[in-house]
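**Q** Sequence and predicted structure, then a few things I'm wondering about:
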Amino acid sequence: MKLTFLGGAGTVTGSKILLEVNYKKILIDCGLFQGLKELRLKNWETLPINHNELDLVLLTHAHLDHSGYIPLLIKNGYKGKIYCTKATKDLTEIILLDSGKIQEEDAKRANIHAYTKHSPAEALYGVNDAKKAITHFKTFESNIWHKFNDEIAFKFINSGHILGSVFVLVKVNEKIITFSGDIGRTEPILLPKFEYIENTDYLVVESTYGNRIHKEISISDELLKYINQTYIKKGILIIPTFSVERAQEIIYLLSILKREKSLPNIPIYLDSPMGVNATEVYFKYQKIHKLTQEDINSMLKTVHLVSNVNASKAVVNDNSPKIVLAGSGMITGGRVLHYLDKFISDKKNSVLIVGFQAEGTRGRALLSGDSEIKFFGKYHKINAEIFKINAFSGHADQNEIMDWLKHFKSPPILTFINHGEPHQSQALKVKIRTDLNWKCTVAQMNKEYYLD
């Protein structure tokens, strides 16, 4: 058996892990790189594997950094299936179609305004590529072993990160390799808590917050504080929002504040076709989240759902106080750029960051105190107030990761730490070695690891 990390090693994006065993090649996750240009350029590189020799893709969850490369994989010759849960399939379809559309629009805009060295600029992939990719998906139930062949089986176990997210277990000749994907919180806002796993021979564990403990604060109180601070200035609060999970969490909390009559009387918009579609998927799968029908009805009454382009333009051109949730969550693209284009230079407005911002993204630049950010081919002065709520994270912190690890009955033969920036992964490695005395290593990009 051999593992090769083709992404998600030394970074939190581009997750791709190749497992080679018994002459079979299985890819766990197939994500896009995001953030730094040197990482994004990797999306244009051909994977160092023969796509025709790849037998299977197992998907832990729908987020772009875990699923966004799938259309390219198929475009480059992969003819096999992508296995995942039903909710993951539905959400990934939304995410990939949106990704294809954004990339086509970005290429078109770059060509019109000539702010790229490439002539012409081309999309990494388009909507039609995404549609073709979706036909390769096949869904499976969680908590049961499914046979791939006589020697290889796999199982999905709830990871509590987003709707449909799972830990992936692969069993080969009675040896189990567990891939954590992204681990959720011990008390998620909308979802059941992650499940514990008792036995594995090898483990791949994420380390997004491997060096950090999330503060225990009232997210609702923080959210209301920043809403009121902006409202007092008669400004507009822009919340760059991840369309899957984060958007639904914020709408839910806003609906509670509205029921409590705590919110100022201003309109609230979710301006994101993907966010609107993802919200509808959440409402479809009521058995795997904690929302009641009353919660759902209240959410729908609280927020205006905006998909139509003309409706979006009307909201952008309205200067009156409001709250806007718009993608993308790291400000790498999407409709949030149109709001920032118009409102980020006015000090009465605010931007609230509600999730992890990868190195090299505009969201990270805002948090770093940069005086300006560049998009649409020009620089924009940052005069709006920048706020952040860390407690919104859908990723387990160090304590929560350690809690999950401590429930294994015996140490894995070897634990691989991935999906983290170097200092985060190293901190988790030290913690695991100190507290659990496990043998572990920080995964390196493109390095081959042989398993006994």
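**A** That came through fine.

**Q** List the beta-bridge partners for residue 153.
**A** residue 147, residue 171 (DSSP bridges).

**Q** start at 32 instead
**A** Sounds good: first residue 32 from here, last item residue 184.

**Q** Thought residue 176 was touching it, still the case?
**A** Yes - the criterion here is C-beta atoms under 8 Å, and residue 184 meets it with residue 176 at 4.7 Å. Quick note: C-beta positions are derived from backbone N, CA and C, even for glycine.

**Q** Quick check: neighbours shared by these two?
**A** residue 202 (C-beta atoms under 8 Å, 6 or more residues apart in numbering).

**Q** neighbour count winner among those two?
**A** residue 184 (17 against 10; other C-beta atoms under 10 Å).

**Q** Kindly provide the distance from the more buried one to residue 233.
**A** 15 Å (C-beta to C-beta, to the nearest Å).

**Q** now do residue 240
**A** 23 Å.

**Q** I'd like the distance between residue 34 and residue 139.
**A** For residue 34 relative to residue 139 (C-beta to C-beta), the value is 39 Å.

**Q** Could you check which of the two is surrounded by more residues?
**A** residue 34 (23 against 13).

**Q** And for that one, nearest residue in space, chain neighbours not counted?
**A** The shortest distance from residue 34 to any non-neighbouring residue, by C-beta to C-beta, 6 or more residues apart in numbering, is to residue 480 (4.5 Å).

**Q** Quick check: which element contains that neighbour?
**A** Per DSSP states H and E, residue 480 falls inside strand 479-481.

**Q** Any buried residues in that strand, and which?
**A** Neighbour counts over strand 479-481 (16 or more other C-beta atoms under 10 Å) mark residue 480 as buried.

**Q** Figure out how far it is from the centre of its chain.
**A** Distance of strand 479-481 from the chain centroid (C-alpha atoms, centre = their mean, to the nearest Å) equals 27 Å.

**Q** neighbouring contacts of it?
**A** With C-beta under 8 Å, 6+ apart, strand 479-481 has contacts from 32, 33, 34, 35, 447, 472, 474.

**Q** Count the neighbours of the closest residue to the first one other than its chain neighbours for me.
**A** Nearest residue to residue 32 in three dimensions, chain neighbours excluded: residue 482, at 4.0 Å (C-beta to C-beta, 6+ apart). Per other C-beta under 10 Å, the neighbour tally for residue 482 reads 17.

**Q** How about residue 237?
**A** 27.

**Q** Kindly report the same for residue 229.
**A** 8.

**Q** how about the residue lying farthest from the centre of the chain, secondary structure?
**A** Relative to the centre of the chain, and counting by C-alpha atoms, centre = their mean, the farthest-placed residue is residue 181 at 33.7 Å. Look at residue 181: counting by DSSP: H, G, I helix; E, B strand; the rest coil, its state is coil.

**Q** roughly how far apart are residue 44 and residue 60?
**A** From residue 44 to residue 60 the distance is 11 Å (C-beta to C-beta).

**Q** so which strand or helix has residue 268?
**A** Per DSSP H and E: residue 268 is located in strand 267-271.

**Q** Oops, could you answer that again for residue 308 instead?
**A** helix 304-315.

**Q** and the following helix or strand past that helix, average pLDDT?
**A** Later in the chain than helix 304-315, the nearest helix or strand by DSSP H and E is helix 324-333. On average, the pLDDT along helix 324-333 is 95.

**Q** Quick test: name the residue nearest the centre of the chain.
**A** Centre-nearest of the chain using C-alpha atoms, centre = their mean is residue 94, 3.8 Å out.

**Q** what's the spacing between the nearest residue to residue 450 once chain neighbours are set aside and residue 362?
**A** In this structure, residue 450 finds its nearest non-sequential neighbour in residue 237, 3.8 Å apart by C-beta to C-beta, 6+ apart. Going from residue 237 to residue 362 by C-beta to C-beta gives 23 Å.

**Q** which residues does the residue nearest to residue 32 contact?
**A** So, once contact is read as C-beta under 8 Å, 6+ apart, residue 482 ends up touching 32, 33, 34, 206, 208, 233, 444, 445.

**Q** do residue 457 as well
**A** 242, 473.

**Q** Tell me how far the helix holding residue 308 lies from the chain's centre.
**A** 15 Å.

**Q** quick one: buried residues of that helix?
**A** For helix 304-315, a neighbour-count test (16+ other C-beta under 10 Å) marks 304, 305, 306, 307, 308, 309, 310, 312, 313 as buried.
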